[in-house]
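Trainee: starting from these lines, generate the structure:
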Amino acid sequence: MPLFLNDEQTMLRDSARAFVNEHAPVAHLRRLRDAKDPAGFDRGLWKQFAEMGFTGILIGEPAGGLGLGHVEAGVVLEEIGRNLSASPFLTTAVGAVAALEGSAQAERWYPGILAGDSVAALAIDEGPKHRATVGMRAERAGNGFRLSGTKQFVTHGHVADLLIVAARTAGGADDADGITLFAVPADAPGLTVGPERLADSSIAARLSLDGVTVDADAVIGDVDGGRAPLDRMLRAVRTGAAAELLGVGGGAMDMTIGYLQQRKQFGVTIGSFQALQHRAAHLYAEMEVARAAVLKAQQLLDAGDADADAAVSVAKAMTGLATTLAVQEGVQMHGGIGMTDEYDIGFFMKRARVLAEMFGDTHFHADRLAREAGY
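Mentor: This is a model prediction of the structure:
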């Protein structure tokens with residue numbers, strides 16, 4: 001598979017770039033932050049995403065979507081990252097759609113996602129870092145289940161209409177089997193939500209489920225068989241987060257190169273200094289390697305390839321490293337003003353830090369690859 005976009009994907013990229021540049025630039029994030037917007041994103045903008053067809057990229061044509069793939073979803077996510085756009089696209093149009101695929105719950109929730117009326121949140125993590133363990137208990141109660149436990153860092157969890165909750169119906173926290181996924185409405189009795197603003201001005205929530213009761217229809221997939229839809233969802237959001245990180249790094253790099261071409265010292269642009277040219281060239285090379293890793297992971301996911309899982313971890317690890325380099329170099333090459341609120345480069349650093357942690361940081365995925373290789 002060639003590691004470049006085809007004509008249709010390029011057209012989608014151009015359309016997404018023009019739309020996001022106009023309607024959700026960094027200035028839009030500033031306004032949300034300064035207004036201390038309680039939602040953390042613009043619901044009107046989310047409706048516009050739906051009108052553009054973006055929310056249905058991964059939803060099949062029979063259900064009213066576009067029936068495209070992870071490459072196309074990544075094209076939109078890269079533009080979201082490049083503009084630091086506040087949007088529930090990753091958790092809703094990628095994560096929730098992947099989790100619900102083929103389930104009875106898809107018929108209930110897909111129309112709202114397609115219309116831009118529904119927002120989904122992924123309640124997976126329970127500790128301070130992303131891990132593959134699930135300890136929250138789900139016990140049989142009548143013809144349904146009773147969920148008890150806590151979840152952390154649930155992005156958009158405070159405003160979500162739907163919560164995708166991973167709970168344990170059998171075994172221990174470290175067991176691969178015995179997990180069940182549930183579609184939990186946000187208004188379920190016994191659910192307490194505590195929103196917290198993160199470094200990049202986005203909002204995540206701590207969830208406490210105190211005997212939240214759901215009926216059997218809330219199960220996504222099979223009881224004790226939630227590992228398959230959970231892994232499918234994680235592959236999708238990890239690749240999506242990598243694509244958004246790629247956009248953040250690309251946006252930071254473009255901003256830095258532009259600054260090097262404009263800022264003058266000793267009567268000449270600082271971009272003419274060889275030391276800075278070497279650093280910029282190194283950054284470009286690292287971003288291109290990360291771009292290839294992300295596109296490869298997307299293509300393998302779309303092809304249903306057995307190697308997709310490893311490629312996803314490579315992509316998330318590589319973009320974490322490359323984008324961290326991009327934002328650090330950006331701040332340093334901007335000099336002291338790079339640390340001020342007046343310049344946008346600091347916003348890129350904050351978004352990169354949050355995205356790098358989502359669904360496993362570089363160390364998590366490097367360790368995961370090493371373990372799979374037998375180390």
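Trainee: could you pull out the helices for this protein?
Mentor: For the chain, the helices defined by DSSP state H cover 7-23, 26-34, 43-51, 70-83, 97-100, 104-115, 227-262, 274-303, 308-334, 345-357, 362-372.
Trainee: what's the closest of these to residue 124?
Mentor: With respect to residue 124, and counting by C-beta to C-beta, the nearest of those is helix 227-262 at 7.7 Å. For glycine as for every other residue, the C-beta is placed from the backbone atoms N, C-alpha and C.
Trainee: how distant is that closest one from the center of its chain?
Mentor: The chain centre lies 8 Å from the centre of helix 227-262; the measure is C-alpha atoms, centre = their mean, to the nearest Å.
Trainee: what is it packed up against?
Mentor: Judged by 3 or more C-beta pairs under 8 Å, 6 or more residues apart in numbering; DSSP states H and E, helix 227-262 is in contact with helix 70-83, helix 97-100, strand 179-185, strand 268-269, helix 274-303, helix 308-334, helix 345-357.
Trainee: now it: buried residues?
Mentor: 227, 229-230, 232-253, 255-257, 259-260 (16 or more other C-beta atoms under 10 Å).
Trainee: point to the residue nearest the middle of the protein.
Mentor: By C-alpha atoms, centre = their mean, the chain has its centre lying nearest to residue 241, at 3.7 Å.
Trainee: contact partners for that one?
Mentor: Shown in contact with residue 241 (C-beta atoms under 8 Å, 6 or more residues apart in numbering): 90, 316, 355, 358, 359.
Trainee: wait, residue 70 touches residue 298, no?
Mentor: Yes: counting by C-beta atoms under 8 Å, residue 70 touches residue 298, with 4.2 Å between them.
Trainee: excluding chain neighbours, what is closest to the residue nearest to the centre of the chain?
Mentor: residue 358 (5.0 Å; C-beta to C-beta, 6 or more residues apart in numbering).
Trainee: burial of the one you found, as a residue count?
Mentor: 23 (other C-beta atoms under 10 Å).
Trainee: now swap in residue 328 and tell me
Mentor: 15.
Trainee: what about it, distance to residue 133?
Mentor: From residue 328 across to residue 133, the span is 31 Å (C-beta to C-beta, to the nearest Å).
Trainee: do residue 151 as well
Mentor: 12 Å.
Trainee: and the pLDDT at the residue lying closest to residue 295 once chain neighbours are set aside?
Mentor: Spatially, and ignoring its direct neighbours in sequence, residue 295 is nearest to residue 3 (5.2 Å; C-beta to C-beta, 6+ apart). We have a pLDDT of 88 for residue 3.
Trainee: quick one on the thing from earlier: compare the contacts of residue 241 and tell me which is most surrounded.
Mentor: residue 316 (32 neighbours).
Trainee: picking that back up, dump the helices and strands packed on helix 227-262 into CSV; add mean pLDDT and distance to residue 218 as well.
Mentor: Output for the helices and strands packed on helix 227-262, formatted as CSV (pLDDT from 0 to 100; distance: least, C-beta to C-beta, whole Å):
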stretch, mean pLDDT, distance to residue 218
helix 70-83, 98, 26
helix 97-100, 98, 12
strand 179-185, 96, 5
strand 268-269, 94, 60
helix 274-303, 97, 27
helix 308-334, 97, 27
helix 345-357, 96, 29
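Trainee: which one, of these, ends up nearest to residue 199?
Mentor: Comparing the helices and strands packed on helix 227-262 by C-beta to C-beta, helix 345-357 comes nearest, at 4.7 Å.
Trainee: helix or strand with the lowest mean pLDDT in the chain?
Mentor: Lowest by mean pLDDT, DSSP states H and E among the helices and strands of the chain is strand 264-265, with a mean of 90.
Trainee: what lies in contact with it?
Mentor: For strand 264-265, the surrounding residues in contact (C-beta under 8 Å, 6+ apart) are residue 270.
Trainee: run me through the strand neighbours of that strand, direction for each.
Mentor: Applying DSSP bridges, strand 264-265 is found paired with strand 268-269 (antiparallel).
Trainee: centre of the chain to the strand it pairs with, how far?
Mentor: That offset, for strand 268-269, works out to 39 Å (C-alpha atoms, centre = their mean).
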